[in-house]
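Enquirer: Please work out how this folds:
(one chain, ligands or ions: 2)
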Amino acid sequence: LIDVEALAASMGAVVRGVDLAGLDDPTFAEIERALYHHGLLVFPDQKIGHADQDALTRRFGEHGVDAYTDGVPGFPDIQPVVREAGPAPPIFFGANWHTDSPFLPRPPAISMLRSVEVPPFGGDTLYTSTRQAYAGLSDGMKALLDGMRGLYSRSHLLRAIQQWEEDQSLPFDIVPGEHDLRDATAHPLVRTHPVTGHKALYVDENYTLGIEGLRRAEATPILAYLLSQVTKPDYLCRVRWQPNMLAMWDNRLVLHQAFDDFAPHRREMYRSTVLGEVPL
Ligand code: OGA
Ligand code: MN
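Expert: Ligands and ions are numbered 1, 2, ... in the order given. Purely as a prediction, here's the structure:
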């Protein structure tokens, strides 16, 4: 029913021959299966609007909580990700390796991003397979991580943004402190996919600040090693955007990051998320 072509060895696929605005149940089921296999699906040439993206998101489940914006008029769950033309501001949404909102008790399972206007160069989104990165660990390392819980927080990011808004003469610098762990949310450091049972590392650069029960001096080198593992070139997949593309990814299987490399050009995207389970 659908034409799926792998984008890279470890993850990601491009899907052609479907109209996301009019999916029948068997086609939707194939897309869902392909998503859980590849971690990321990219659909070129989809001339769809907010209502279609909203409906597509709802096919997968309830809308996720979005921590950052109030949506677009008429669609509170469609979040604008728009960078206007001009010089690059210091804070860029989606920068650095991350999984979406792991600090929430039920982080979004799936995120979707739809492109309307893309810059002539740059503005790519880079992904990595946390599932293949986990599979690449030794049995000893897997045993060490078994049962460990990561601590996820965004208070250091909010503080950096607030401090930059108060005084823009200081560099924008995100420095997590000891106290950021106090309001952190704990989830398994190795997640199990609720449908396929695949295991994947749940470690990122933006939000993973510690490991439950471990001292900072103990947790930091483990997290640094795991981040180096998940960001090895072996596991990457890069998406070069065209207008009218929709990407959907499974936050339980991949990390992603955006780049601030397309000034002075404009980039207009819209994102939506599907509410996830309490991480297993
Ligand atoms: C996101 C995100 C990346 C991008 O929407 O969650 O990180 O390339 N976006 O805009
Ligand atoms: Mn993101």
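Enquirer: Let's see the pLDDT reported for Pro188.
Expert: pLDDT for Pro188: 98.
Enquirer: residues contacting Ile91?
Expert: For Ile91, the contact set (Cβ atoms under 8 Å, 6 or more residues apart in numbering) comprises 161, 164, 172. Bear in mind the C-beta positions are built from the backbone N, C-alpha and C, glycine included.
Enquirer: Tyr68 too?
Expert: Applying Cβ under 8 Å, 6+ apart to Tyr68 gives the contacts 79, 93.
Enquirer: same thing with Asp77?
Expert: Applying Cβ under 8 Å, 6+ apart to Asp77 gives the contacts 54, 57, 63, 66, 71, 272-273.
Enquirer: distance of it from Pro105?
Expert: Using Cβ to Cβ, to the nearest Å, Asp77 is found at 18 Å from Pro105.
Enquirer: can you give me the end-to-end distance of stretch 234-250?
Expert: 19 Å (Cα to Cα, to the nearest Å).
Enquirer: So it, near ligand 1 or not?
Expert: No - Stretch 234-250 lies apart from ligand 1 when judged by Cβ under 6 Å from any ligand atom; the minimum separation is 7.9 Å.
Enquirer: and that stretch, what's its mean pLDDT?
Expert: Rounded mean pLDDT across stretch 234-250 is 98.
Enquirer: Leaving out sequence neighbours, find the closest residue to the residue in the stretch 1-150 of the chain that ligand 1 sits nearest to.
Expert: Scanning the stretch 1-150 of the chain for the residue nearest ligand 1 gives Gly94, at 2.8 Å (criterion: Cβ to the nearest ligand atom). When the adjacent residues along the chain are set aside, Gly94 lies closest to Ala258, with 3.3 Å between them (Cβ to Cβ, 6 or more residues apart in numbering).
Enquirer: Surely that neighbour touches Phe93?
Expert: Yes - using Cβ atoms under 8 Å, Ala258 is in contact with Phe93, at 6.9 Å.
Enquirer: So for the two, which sits in the more crowded spot?
Expert: Applying other Cβ atoms under 10 Å to Ala258 and Phe93 shows that Ala258 carries more neighbours, namely 21 against 15.
Enquirer: Could you check how far the more buried one is from ligand 1?
Expert: According to Cβ to the nearest ligand atom, to the nearest Å, Ala258 and ligand 1 sit 3 Å apart.
Enquirer: Okay, that residue and ligand 2: tell me how far apart.
Expert: Plainly put, Ala258 is 7 Å away from ligand 2 if you go by Cβ to the ion, to the nearest Å.
Enquirer: do the same with His63
Expert: 16 Å.
Enquirer: Name all residues that make contact with that residue.
Expert: 57, 77, 272-275.
Enquirer: partner residues bridging it?
Expert: Val274 (DSSP bridges).
Enquirer: okay, it: pLDDT?
Expert: Note on His63: pLDDT of 95.
Enquirer: How much space separates it from Leu181?
Expert: Distance of His63 to Leu181, computed by Cβ to Cβ: 29 Å.
Enquirer: now do Asp19
Expert: The gap separating Asp19 from Leu181 is 47 Å, by Cβ to Cβ.
Enquirer: Quick check: Arg154 touching Asp100?
Expert: No - with contact defined as Cβ under 8 Å, Arg154 does not reach Asp100; the gap is 11.1 Å.
Enquirer: what does the stretch 101-250 of the chain put close to ligand 1?
Expert: Taking Cβ under 6 Å from any ligand atom as the contact definition, the stretch 101-250 of the chain meets ligand 1 at 111, 113, 125.
Enquirer: what are the phi and psi angles of the second one?
Expert: As for Leu113, its main-chain torsions (degrees, to the nearest 10) stand at phi -140, psi 130.
Enquirer: And it, what's its pLDDT?
Expert: pLDDT recorded at Leu113 is 98.
Enquirer: Confirm for me that it is in contact with Met269.
Expert: Yes - here Leu113 reaches Met269: they are 5.3 Å apart, a contact under Cβ under 8 Å.
Enquirer: any common contacting residues for those two?
Expert: Contacts common to Leu113 and Met269, judged by Cβ under 8 Å, 6+ apart, are Val81.
Enquirer: got the contact list for Arg267?
Expert: 81-83, 117-119, 123.
Enquirer: check contacts around the closest residue to Asp234 other than its chain neighbours.
Expert: Nearest non-adjacent residue to Asp234, counting by Cβ to Cβ, 6+ apart: Ser10, 6.4 Å away. Contact partners of Ser10, counting by Cβ under 8 Å, 6+ apart, are 128-129, 132, 234-237.
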